[in-house]
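Asks: Task: produce atomic coordinates for the following.
(one chain, ligands or ions: 2)
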Amino acid sequence: MVIHLKHSVELAKAQELASKIGATHFFDGKKHVIVTSSKVKEVPELLADYVEDHFVMETDIQLASRDYRSEKRGIKSLGIGPGKTAIIAGPCSVESYEQLDTVAQFLIKSGVKLLRGGCFKPRTSPYTFQGLGLEGLELLAQMREKYGLKIVTEVKDSSHIADVIAHADVVQIGAKAMYDHSILRACGQSNKPVLLKRGFGTTLQEFVQAAEFILSQGNSEVMLCERGIRTFENKTRFTLDLTGVAFLKHHTNLPVIVDPSHAIGYRYGVPDLTRAAMAMGVEGLLLETHPKPEQALSDAAQQLSLEEFEKLHQSLHPVATAVGQQII
Ligand code: PEP
Ligand code: MN
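Replies: Ligands and ions are numbered 1, 2, ... in the order given. Model (predicted):
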């Protein structure tokens, strides 16, 4: 149950009430909100005098649910919201100043405003490139200074979370990190928008519940990113779950982003999958692009060359128009 307390209720009282009933509490900028398990169907007696409004929920998809808040949330600082599709593009990993600067210049020319690039890479093997770490974050920050691009970069574990939050405009939580509750809580307590990726063995219910950890700490700016799930199929890296995208669009109030690059894992299929996702009217597309994809230090097989990216980018406009979306 989501419970809105009366505006007159102060912080200490709200905290006391939440703790007495073992519930979560946050301030949404206007009022204190208490969230209990969805199994609670009646307002606890202890709260009766303090409640302005309450919402009985079917499952623990609560704050993210359209049953709680029917209108879609947006990300103010990025202009992301209903009717807009943001392009987020850049290399898998930040590798060098030259590499990043080439991509950044190219994105500016293409009208793309969000630059992605990983600095702490959650690699499957410990013997491969693990990312430039803090040095990479500083390179990304330089691109923001130089070109005005917004920076999207991922946090892999809690050892560097403060650095990522300090340098990024959007904190990406990767498919492997999405179960890390210290990351989810730290992002919930920050004021940076969060791009939460779906784990590749994660059900839609679990995925949205991970977003609830962030929302219930008071950060309302969370995007859900479908990036492919593991199925019996092994000809492609993962399987892009567009069915899940339809579910997320219908049942949740959060912006939905699709990442076709990590889903298929091979560049040949990225353009078709991107257009398919565009046709679903999603709020964002996350694409890997690299000046020399075959030499990339991570995810070399799936990154588009800058020319391939531009061709794809152009081809998205008629699809966007057909479904009433504006590419930003
Ligand atoms: C990435 O975006 O580079 C990445 C590692 O993605 P994922 O967490 O989806 O594997
Ligand atoms: Mn990658």
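Asks: the longest helix in the chain is where?
Replies: When the chain is parsed with DSSP state H, its longest helix is helix 306-322.
Asks: name the helices or strands packed onto that helix?
Replies: Contacts defined by 3 or more CB pairs under 8 Å, 6 or more residues apart in numbering; DSSP states H and E place helix 306-322 against strand 84-90, helix 97-110, helix 270-279, strand 284-288, strand 326-327. Every residue, glycine included, has its C-beta placed from N, CA and C.
Asks: Now do the helices in the protein.
Replies: So, for the chain - with DSSP H - the helices run 11-20, 97-110, 134-147, 161-167, 181-189, 204-215, 242-251, 260-264, 270-279, 306-322.
Asks: just checking, which of these sits deepest inside the structure?
Replies: The highest mean neighbour count among those, using mean count of other CB atoms under 10 Å, belongs to helix 260-264: a mean of 25.
Asks: which residues touch it?
Replies: Helix 260-264 is touched from outside by 175, 226-228, 236-240, 269-270, 273-274, 277, 285-288, 299, 302-304, with contacts defined as CB atoms under 8 Å, 6 or more residues apart in numbering.
Asks: thinking again about what came up before, let's see the longest helix of the chain as PDB, backbone CA atoms only.
Replies: Written as PDB, here are the backbone C-alpha positions of helix 306-322 (Å, rounded to 0.1, in the frame of the first residue of the first chain):
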ATOM      1  CA  LEU A 306      30.100   5.900 -36.700                       C
ATOM      2  CA  GLU A 307      29.000   5.700 -40.400                       C
ATOM      3  CA  GLU A 308      26.700   2.700 -39.600                       C
ATOM      4  CA  PHE A 309      25.300   4.600 -36.600                       C
ATOM      5  CA  GLU A 310      24.500   7.700 -38.700                       C
ATOM      6  CA  LYS A 311      22.700   5.600 -41.300                       C
ATOM      7  CA  LEU A 312      20.600   4.000 -38.600                       C
ATOM      8  CA  HIS A 313      20.000   7.300 -36.900                       C
ATOM      9  CA  GLN A 314      18.600   8.800 -40.200                       C
ATOM     10  CA  SER A 315      16.400   5.700 -40.800                       C
ATOM     11  CA  LEU A 316      14.700   6.100 -37.500                       C
ATOM     12  CA  HIS A 317      13.000   9.400 -38.300                       C
ATOM     13  CA  PRO A 318      10.200   8.000 -40.500                       C
ATOM     14  CA  VAL A 319       9.500   5.300 -38.000                       C
ATOM     15  CA  ALA A 320       9.400   7.800 -35.200                       C
ATOM     16  CA  THR A 321       6.900  10.000 -37.200                       C
ATOM     17  CA  ALA A 322       4.800   6.900 -37.900                       C
END
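Asks: How about residues contacting that helix?
Replies: Defining contact as CB under 8 Å, 6+ apart, one finds that helix 306-322 is touched by 85, 87, 89, 102-103, 106, 110, 112, 267, 270-271, 274-275, 278-279, 285, 287, 289-291, 304, 326-327.
Asks: returning to that earlier point: sort out which of the contacts of helix 260-264 are buried, if you could.
Replies: Among the contacts of helix 260-264, those classed as buried by 16 or more other CB atoms under 10 Å are 175, 226-228, 237-240, 269-270, 273-274, 277, 285-288, 299, 302-304.
Asks: Against ligand 2, which of those residues make the cut? List them.
Replies: Asp299 (CB under 5 Å from the ion).
Asks: Over in the stretch 151-300 of the chain, which residue gets nearest ligand 2? Let me know.
Replies: Asp299 (3.8 Å; CB to the ion).
Asks: show me the contacts for that residue.
Replies: Asp299 is in contact with Cys92, Ser93, Ser261, His262, Gly265, Glu288, counting by CB under 8 Å, 6+ apart.
Asks: ok, which pair from those residues is furthest apart?
Replies: By the measure CB to CB, Ser93 and Gly265 form the most distant pair in those, at 15.5 Å.
Asks: what about those two, which has more around it?
Replies: Taking other CB atoms under 10 Å, Ser93 and Gly265 do not tie; Ser93 has more neighbours (25 against 17).
Asks: Double-check the more buried one against Thr128; I have them as touching.
Replies: No: using CB atoms under 8 Å, Ser93 is not in contact with Thr128; the gap is 10.2 Å.
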